[in-house]
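Undergrad: Have a look at this prediction, sequence included:
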Amino acid sequence: MLRFLTKIKNFLINKSHILVIFVLISYTLLGPLNVNLPIFGALKPYHIALPLASIIFSLIIISSFRSMYRNLPMLVIKFCGLYLIFLIVITISAFRGFDLGKSYSLWRNYAANLLLVILVALTIRHETQITAVLYVLIGVTTVGAILGGLQAAFSPKISIAYFFLGESWFMEHGSAPVGYAHMPYKFGNDMLVGFLPALALLLGHGLSTHRLNHVRFLVLLLIVAVIFGGLFLSLGLTSLMGSAIGAIYIAYKLDVFKNLFKKKFFAFFLFLISSVGLMFSREIIAWFINTYTAYQGIIARWHLALASIHMLQTSPFWGVGLGNFSVFAREYFLKISFENPEYFLKVLGGTIATAPHNIFLEILTENGIIGLILYLSIWWYAFYVCSLSDTIKSEISDLRVVGIGLKGALIGYMIDALFHNYTFDNHLWLIIGLCLAVGNLSLRLNE
């Protein structure tokens, strides 16, 4: 037994990024499950796997906390300091709100986000490890795109959740899966997180002249086309828009426009366009157009924005309380329903949304101007740290390409975040953790 534990310890010391992959897989494949625990409430496998991986990391990977403190990268220290200030602000906001139970559940998720970023940033110590995690993310995204495409084209029952949990789960949750764990067709931001790094790797290897690998290029080409198909079928116009802007940034940073008419890149764009035409029927395209030409969703989001501004006036600096948007939105929407009940019922659907469908408006409304400034600072810091990879001169390093792909994902995600409220999407914080890892590795290579 002792020999077995020693082997595991040595394995994890050399391949500590396996812990990150363990957390990633637990979220993507087991997400629909949950366990009800006293005090902690309902926990998903991700919530359980993350502390478990962190404990293993602390006991096995770190020889002593003193050595960890000495070797702790300054970039991670600065990020933790910034994030802890943000946690203090949202804690103050939580106690100012009315629904402390809701505030606690959200605060717990914010704390888990920090734990995930630290785990990723400290366990990834080599370039091969960061590419391994990235390829696992791309692989899971590809599987999700395939299942999501089948689900959208043929049957809502084609999902990992249905395969594992059966008809009873499907009857309980309906035909619209929520979250990456369910291999969705309605949540394109999950496809975006894997699509943009895959695109960067494809274009980076396509431009590379020092070690061309045609098989790798063709595999990446197929992966990019499949994930793009998943994005198209996700019905997420904002995700497509974010992906397009992120792709333009990646193409600009990799000088693709200068090489656009080279044979390989011409073939790439021709293949991408033709694959979209072959993969999707006219019926699906018509469904896509008819679903999103309705103006009801736009008007509903506009009223959510107005409700957010209305709430912000009551407490501009600290907000109305963490997770308390729905409490104060009720007053605003009930006012609309009394003044014009027909408009409220027919146009807005007669429902009171629990979030404003905009991450930044949600943070602003619930945590005030101070909370929003700190939250935007977290995004900016991740982007800045990842930009350190732009200075890498080495011809044999893929780190610059990986950094560009991660920054493209951040840009695309930020665009999508203007229209949705995926504040606790774990893949966003995985990307931020990878950005810190890229920054740490870039500083080492430049030294």
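TA: Cool, got the structure.

Undergrad: just the helices in the stretch 51-200 of the chain please.
TA: Using DSSP state H, counting those that start in this stretch, the helices of the stretch 51-200 of the chain run over residues 65-71, 74-96, 100-123, 127-153, 160-173, 188-207.

Undergrad: Show the secondary-structure elements that the longest one is packed against.
TA: I take that to be helix 127-153. Contact partners of helix 127-153 among helices and strands, from 3 or more Cβ pairs under 8 Å, 6 or more residues apart in numbering; DSSP states H and E: helix 18-30, helix 188-207, helix 214-233, helix 399-417, helix 426-446. From N, CA and C alone the C-beta is placed, and that goes for glycine too.

Undergrad: I'd like to know which of those is closest to residue 72.
TA: Go through these one by one with Cβ to Cβ and the one that ends up closest to residue 72 is helix 426-446, at 10.2 Å.

Undergrad: who does the closest one touch, helix- and strand-wise?
TA: Going by 3+ Cβ pairs under 8 Å, 6+ apart, helix 426-446 lies up against helix 18-30, helix 74-96, helix 100-123, helix 127-153, helix 188-207, helix 359-386, helix 399-417.

Undergrad: What residues of stretch 368-383 count as buried?
TA: Residues 368, 370, 371, 372, 374, 375, 378, 379, 381, 382, 383 are the ones in stretch 368-383 that count as buried (16 or more other Cβ atoms under 10 Å).

Undergrad: Please name the residues that touch the second one.
TA: Just to be clear, that refers to residue 370. Applying Cβ atoms under 8 Å, 6 or more residues apart in numbering, we find residue 370 in contact with 89, 317, 318.

Undergrad: Switch the helices and strands packed on helix 426-446 over to TSV; also include distance to residue 60.
TA: TSV is the format used below for the helices and strands packed on helix 426-446 (distance: least, Cβ to Cβ, whole Å):
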stretch	distance to residue 60
helix 18-30	9
helix 74-96	19
helix 100-123	11
helix 127-153	16
helix 188-207	29
helix 359-386	27
helix 399-417	27
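
Undergrad: who wins for proximity to residue 53 among those helices?
TA: For these, proximity to residue 53 was assessed by Cβ to Cβ; helix 18-30 is nearest, at 4.2 Å.

Undergrad: And the contacts of that closest one?
TA: Contacts with helix 18-30, where a contact means Cβ under 8 Å, 6+ apart, come from 11-12, 44-46, 48-50, 53, 56-57, 61, 116, 119-120, 123-124, 132-133, 136-137, 140, 144, 160, 180-181, 426, 430, 433.

Undergrad: From these, keep the buried residues only.
TA: With neighbours counted by 16+ other Cβ under 10 Å, these contain buried members at 12, 44-46, 48-50, 53, 56-57, 61, 116, 119-120, 123-124, 132-133, 136-137, 140, 144, 160, 180-181, 426, 430, 433.

Undergrad: what's downstream of the helix or strand of the chain at the bottom of the mean pLDDT ranking, the next helix or strand?
TA: With mean pLDDT, DSSP states H and E as the measure, the helix or strand of the chain carrying the lowest mean pLDDT is helix 282-292 (a mean of 50). Along the chain past helix 282-292, the next helix or strand (assigned with DSSP states H and E) turns out to be helix 296-312.
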